[in-house]
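Asks: give the three-dimensional model of this entry:
(one chain, ligands or ions: 1)
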Amino acid sequence: GYELARAARDMGANVTLVSGPSNLAVPMGVECIRIQSAQDMFEVISSKQNEMDFIIKSAAVGDYRVKEMASEKIKKKGDTLTLELVKNPDILAYLGAHKPKHQIICGFAMETQDLIANATEKLVKKNCDMIVANNLRTEGAGFGTDTNVVTFIHPDHIDTLEQMSKYELGRKILHTLLQKQERILEC
Ligand code: C5P
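Replies: Model prediction:
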């Protein structure tokens, strides 16, 4: 997300980065809105959706949250502890369902199996223009690396890319999304 924001800034975009807690430096010139929870992220992004030409949802949002947050430290009792979880709002699915006509939405998909099939299903279900899919088991992909190895999932074809830096990938994603926008504006 941070490298995408940097790449978009370098390409001349006005960028808003919505970020959970992170030690990464916010690229200069990028507006950063700090959030704590998936619910916060949902509220910020849904309220800003109509101002955006492009939305790229690279955050790995937790699917569930604890039902009740303890106000004090939880005292040790038995050998096991059960926490009840409830579903978080699916922000990308909401954005896809409320997409303005000329907006381009790009999601991410991280899988450990059936990458293409699962990511393609996500593209359709969440009404995205593109999904950037990566396999967490591939070396040089995913979290904690400066590189990524991804496949772009389009509505009618897929495009598998070589390993590259996250910045370089950010530029590729943005160029691809710009081409999609040009095609929509031509219609
Ligand atoms: O369904 P899955 O979580 O695998 O989809 C991943 C995509 O959905 C990512 O783009 C992620 O940012 C987005 N997502 C979301 N809200 C959630 C869960 C995932 O926007 N609660």
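Asks: now the helix or strand where residue 178 lies: buried residues?
Replies: Assigned by DSSP states H and E, residue 178 belongs to helix 166-186. Judged by neighbour count using 16 or more other CB atoms under 10 Å, the buried positions of helix 166-186 are 166-174, 176-177, 180. C-beta here means a position set from N, CA and C on the backbone, and glycine is covered the same way.
Asks: nearest to the ligand, of these?
Replies: For the buried residues of helix 166-186, the closest approach to the ligand (CB to the nearest ligand atom) belongs to residue 173, at 12.0 Å.
Asks: just checking, that closest one touches residue 54?
Replies: No: judged on CB atoms under 8 Å, residue 173 makes no contact with residue 54 at a distance of 9.7 Å.
Asks: which neighbours do those two have in common?
Replies: Counting by CB atoms under 8 Å, 6 or more residues apart in numbering, the shared contacts of residue 173 and residue 54 are residue 106.
Asks: so, low pLDDT: which residues of the protein?
Replies: For the chain, applying pLDDT under 70 flags no range at all.
Asks: around the ligand, pick out the residues from it.
Replies: Residues of the chain found near the ligand (CB under 6 Å from any ligand atom) are 38, 57, 59, 61, 63, 88, 90-92, 107-109, 122.
Asks: can you do 5 Å?
Replies: Taking CB under 5 Å from any ligand atom as the contact definition, the chain meets the ligand at 57, 59, 61, 88, 90-92, 107-108.
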